[in-house]
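In: For reference, the sequence and a predicted model appear below.
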Amino acid sequence: MEFITDINILSPMQKFIVEQRLAVDDTGEHTTYEKIRAAFEEKKMKLGYPDEKVLYKNNITTCLLDIAMGYRWEKSASLGGRRFYLCPKDDSDLCDEIRADNAKGQLLDREEIAELAPYYKMKRLSTAFKFLSSCDCDLETPSLQWVSLFLDRHEIPYRKVREIEPKRYFACPGEEVMAYHQGVKNLMIQFARQCIYNMDEFMLSCLKARNAACPKHVKQLISKGVPGLPYISALLCHNMDDEAVPSFFVLPGLRNLPLELDEFSKSCEAFFASSPKGWATREIFLLWTFHLTEYLERHRKQMCEELRDRDTLLILDGNMSRECPLALSILRLHRVHVYIFPSHCTHVYQPFDIGLAGNVRKKFSKYYRAKLQELEQDTRPHIITQVRYSAIKLLIVA
């Protein structure tokens, strides 16, 4: 107890409670709060508290906290006002240090004493924690409402945590983030914001997610989707001024453009290509390169003279489809400089992933679910065509 406080400042009630709490039974468990309360009822006359009423759980906790912080406590007493910054023992220790320094010829002014006092306070907090742990003090857990108010008061954001694959997590250490930011900062200041673009592949699944009622013992629900629903990906590109390049869709396993999509192609709302599985390949990236350079040639003519002749910066992830020397050469010929993100780090760096993908998916899902409910009532054989048309139309709208 000496390392916590001067035992002489404790009240008889404090001494009784702490002795009871520090005692352990044959199983190594501390005396419970209920047993302390019962023991106090038996001995309160002898302790000098004949008129004291029931000793509650929060009284015992408060008593142990005050012992840890070095203060005297009585259940019925009201201390009134604010307590001194230091407890009596720490107050005395600080006074002894001032006298010792004075004897050595080291004179402390008020500012120096004010700087010295927190040392004793922090030392007290450290020993208090050890003491409370040793007696297994049952501290009351604050409510979640208190935590929310605490975070608001100190302006500490409370944000959603996104879990990612371990290899992606460990591939993105802090020092690499700093090195990337420094490198990209020095690069980006050379380009106008209207000339900085980011492209990413957006996966589009036409299978819908929904909730359904089920028996209590069922843990997971799986249902069959509409047969033959298409899997589609889109190469989406935008600049820092929120100007979007027309979407470039990759359809799986098609030789010719479906008739229902012809209107998007003719109006230049979207452009289409096909690969065996609907994913971007090196050949698809080459086709998209022609699409981008053609767009930039038209777009530059609409820009002010100051920006018309400026080079363009294109930021991409390290997908294998980007490993196309011909595409990279064509981009360079059209004054497009390519910057590749570090491996496995686009969840941190990619502007589209961070700023746009979530909202696009949310809006698309909202429109798509409503449209799919309409189409589910349609039993005609062209339902797959309608689903594909709706998915692409809704993504353009989203």
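Out: Right, received. Where do you want to start? Numbers count the residues shown, from 1 in each chain.
In: Which stretches in the stretch 201-350 of the chain count as strands?
Out: Listed in chain order, the strands found in the stretch 201-350 of the chain under DSSP state E, counting those that start in this stretch are 231-239, 244-252, 270-275, 312-316, 336-340.
In: Point to the residue nearest the middle of this protein.
Out: The geometric centre of the chain, computed from its C-alpha atoms, lies nearest to Val161 (C-alpha atoms, centre = their mean), at 3.5 Å.
In: Is it possible to get the strands of the stretch 201-350 of the chain out as JSON lines so that each row also shows distance to His30 and mean pLDDT?
Out: For the C-beta atoms, the positions are set from N, CA and C on the backbone; glycine is no exception. Output for the strands of the stretch 201-350 of the chain, formatted as JSON lines (distance: least, C-beta to C-beta, whole Å; pLDDT from 0 to 100):
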{"stretch": "strand 231-239", "distance to His30": "61", "mean pLDDT": "83"}
{"stretch": "strand 244-252", "distance to His30": "66", "mean pLDDT": "88"}
{"stretch": "strand 270-275", "distance to His30": "68", "mean pLDDT": "89"}
{"stretch": "strand 312-316", "distance to His30": "60", "mean pLDDT": "92"}
{"stretch": "strand 336-340", "distance to His30": "60", "mean pLDDT": "91"}
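In: Thr293: which of these is closest?
Out: strand 336-340 (7.1 Å; C-beta to C-beta).
In: Which strands and helices lie in contact with the closest one?
Out: Identification of packing neighbours for strand 336-340 by 3 or more C-beta pairs under 8 Å, 6 or more residues apart in numbering; DSSP states H and E yields helix 282-302, strand 312-316, helix 325-333.
In: what do you get if the cut-off is 6 Å, keeping everything else the same?
Out: Secondary structure elements in contact with strand 336-340, counted by 3 or more C-beta pairs under 6 Å, 6 or more residues apart in numbering; DSSP states H and E, are strand 312-316.
In: which residues are in contact with the strand it packs on?
Out: Phe191, Cys195, Ile196, Tyr197, Asn198, Met199, Arg322, Val336, His337, Val338, Tyr339, Ile340 (C-beta atoms under 6 Å, 6 or more residues apart in numbering).
In: repeat that with 8 Å
Out: The contact list for strand 312-316 (C-beta atoms under 8 Å, 6 or more residues apart in numbering) reads 184, 187-188, 190-191, 195-199, 292, 296, 322, 331, 334-341, 350-351.
In: Touching, Ser233 and Thr281? I think so.
Out: No - judged on C-beta atoms under 8 Å, Ser233 makes no contact with Thr281 at a distance of 10.8 Å.
In: before we move on, the earlier item: and the residue nearest to the centre of the chain, which of the three is it?
Out: The assignment at Val161 comes out as coil when based on DSSP: H, G, I helix; E, B strand; the rest coil.
In: now it: how far from Tyr169?
Out: Computed with C-beta to C-beta, to the nearest Å, the distance linking Val161 and Tyr169 is 12 Å.
In: ditto for Asp152
Out: Separation of Asp152 from Tyr169 (C-beta to C-beta) stands at 29 Å.
In: With Ser92 instead?
Out: Here Ser92 is placed at a distance of 52 Å from Tyr169 (C-beta to C-beta).
In: list the buried ones in stretch 319-337?
Out: Residues Asn319, Ser321, Arg322, Cys324, Ala327, Leu328, Ile330, Leu331, His334, Val336, His337 are the ones in stretch 319-337 that count as buried (16 or more other C-beta atoms under 10 Å).
In: excluding its backbone neighbours, what's nearest the last one?
Out: So the one you mean is His337. Using C-beta to C-beta, 6 or more residues apart in numbering and skipping the chain neighbours, the partner closest in space to His337 is Leu313 (5.2 Å).
In: Report the beta-bridge partners for that neighbour.
Out: Note on Leu313: beta-bridge partners Ile196, His337, judged by DSSP bridges.
In: Count the residues that sit near it.
Out: Around Leu313 there are 22 other residues, counting by other C-beta atoms under 10 Å.
In: again, but for the one 4 residues further on
Out: Other residues near Asp317 number 21, with proximity taken as other C-beta under 10 Å.
In: List of residues touching the helix or strand hosting Thr61?
Out: Assigned by DSSP states H and E, Thr61 falls within helix 57-69. Judged by C-beta under 8 Å, 6+ apart, the contacts made with helix 57-69 from elsewhere in the structure are 4-5, 10, 13-14, 17-18, 21, 33, 36-37, 72-73, 75, 87, 124, 127-129, 131-132, 135, 137-140.
In: Which elements pack onto the helix or strand just after it?
Out: On the C-terminal side of helix 57-69, the nearest following helix or strand under DSSP H and E is helix 88-103. Using 3+ C-beta pairs under 8 Å, 6+ apart as the contact definition, the elements that helix 88-103 packs against are helix 110-134.
In: Other residues contacting the helix it packs on?
Out: If you take C-beta under 8 Å, 6+ apart as the criterion, helix 110-134 is touched by 3-4, 22, 64-65, 67-70, 85-87, 90, 93-94, 97-98, 108, 139.
In: rerun that using 7 Å as the cut-off
Out: By C-beta atoms under 7 Å, 6 or more residues apart in numbering, the surrounding residues in contact with helix 110-134 are 3-4, 64, 68-70, 85-87, 90, 93-94, 98.
In: Switch those residues over to a markdown table; also include pLDDT and neighbour count.
Out: Below are the contacts of helix 110-134 laid out as a markdown table (pLDDT from 0 to 100; neighbours: other C-beta atoms under 10 Å):
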| residue | pLDDT | neighbour count |
| --- | --- | --- |
| Phe3 | 48 | 7 |
| Ile4 | 59 | 21 |
| Leu64 | 82 | 24 |
| Ala68 | 81 | 24 |
| Met69 | 82 | 21 |
| Gly70 | 82 | 22 |
| Tyr85 | 80 | 13 |
| Leu86 | 84 | 19 |
| Cys87 | 80 | 25 |
| Asp90 | 83 | 21 |
| Asp93 | 86 | 15 |
| Leu94 | 87 | 18 |
| Ile98 | 87 | 16 |
